[in-house]
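S.K.: Dropping a prediction and its sequence here:
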Amino acid sequence: MNSLRQSGIGMTSQRTRGRMIERLRAQGIRDEVLLAAMNTVPRHIFVDEAMSHLAYDDKSLPIGFGQTISQPYIVARMTEIMRDGKTLNRVLEIGTGCGYQAAVLGQVASIVYSVERILPLHERAANYLQELHAENVRLSYADGGLGLPGEAPFDGIIMAAAATHIPQALLEQLAVGGRMVLPLGAQEQILCMIERDADGYHESRLEAVKFVPLLTGKA
Ligand code: SAH
């Protein structure tokens, strides 16, 4: 958990962020720790200035390189499911993109590792997170399908890109007692939760979603 630098944030963005939190409540998000975290992280700094007036709408927005920042509802939903009301220690995110979800995760976990395969996105996210002094968020430029074996196990894993099957490396890197949340599928995708307990892995299928695909290798 980390306190973000708050300077340079105007009243307008604070008001629109407050409206985003109310909308998330209306959409069924109940985790108050998470809602407080999302009220703290300025989403507008993660999008192009020309689109910053749309930053708190419930929309995914382009971030370049054919990728998008996920809509606030899906960031909230995945984090709420992964957190399950618990204080998390180590969390892994696959698909840093602009770094927004990593910043939110940094508010609800002790340490966050986030992996991105597109170098310019990785570098830009590093700049945004440095600007926010999100010091407990560690970024890696790598193929996230392999996870981060050197930093495992993780109490929670979030995949921000859709795979057609669950990467074996990620299953192995999930701690016993931990939860992984990921979109599965190609054209039709479904949000899945994997829980690991002493008996093994348990999969639940939740709701239809739309994510960019998980690709292999680095770009
Ligand atoms: N988490 C972001 C959303 C990112 S969109 C947010 O806060 O809005 C998904 C990202 O996953 C893209 O940036 C894409 O490049 C990345 N990605 C896709 N396949 C990947 C892989 N194998 N390893 C790491 N990142 C990957």
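M.R.: It's in.
S.K.: next SSE after the lengthiest strand in the chain?
M.R.: The longest strand of the chain (DSSP state E) is strand 174-185. From strand 174-185 onward toward the C-terminus, using DSSP states H and E, the following helix or strand is strand 189-197.
S.K.: What are the buried residues along that next one?
M.R.: Using 16 or more other C-beta atoms under 10 Å as the burial criterion, the residues of strand 189-197 that qualify are 189, 191-196. Using the backbone N, CA and C atoms, a C-beta is placed for each residue, glycine as well.
S.K.: Please identify which of the residues you listed is nearest to the ligand.
M.R.: Nearest to the ligand among those: residue 189, at 12.8 Å, using C-beta to the nearest ligand atom.
S.K.: that older thread, what's the angle from the longest strand of the chain to strand 189-197?
M.R.: On the basis of axes from the mean of the first three to the mean of the last three C-alpha atoms, to 10 degrees, strand 174-185 is oriented at 170 degrees to strand 189-197.
S.K.: Quickly check: strand 174-185 near the ligand or not.
M.R.: No - between strand 174-185 and the ligand, judged by C-beta under 6 Å from any ligand atom, nothing touches; the nearest distance is 10.0 Å.
S.K.: tell me which strands and helices that strand is in contact with?
M.R.: Contact partners of strand 174-185 among helices and strands, from 3 or more C-beta pairs under 8 Å, 6 or more residues apart in numbering; DSSP states H and E: helix 72-83, strand 154-159, strand 189-197.
S.K.: Of all the residues in that strand, which ones are buried?
M.R.: Judged by neighbour count (16+ other C-beta under 10 Å), strand 174-185 contains these buried residues: 174-175, 178-185.
S.K.: nearest to the ligand, of the helices and strands packed on strand 174-185?
M.R.: Using C-beta to the nearest ligand atom as the criterion, the shortest distance between the ligand and these is 6.2 Å, found for helix 72-83.
S.K.: got the contact list for the closest one?
M.R.: Defining contact as C-beta atoms under 8 Å, 6 or more residues apart in numbering, one finds that helix 72-83 is touched by 20, 23-24, 27, 29-31, 33-35, 38, 43, 56, 58, 60, 88, 91, 100-101, 104-105, 108, 156-158, 179-181, 191, 193, 206, 209.
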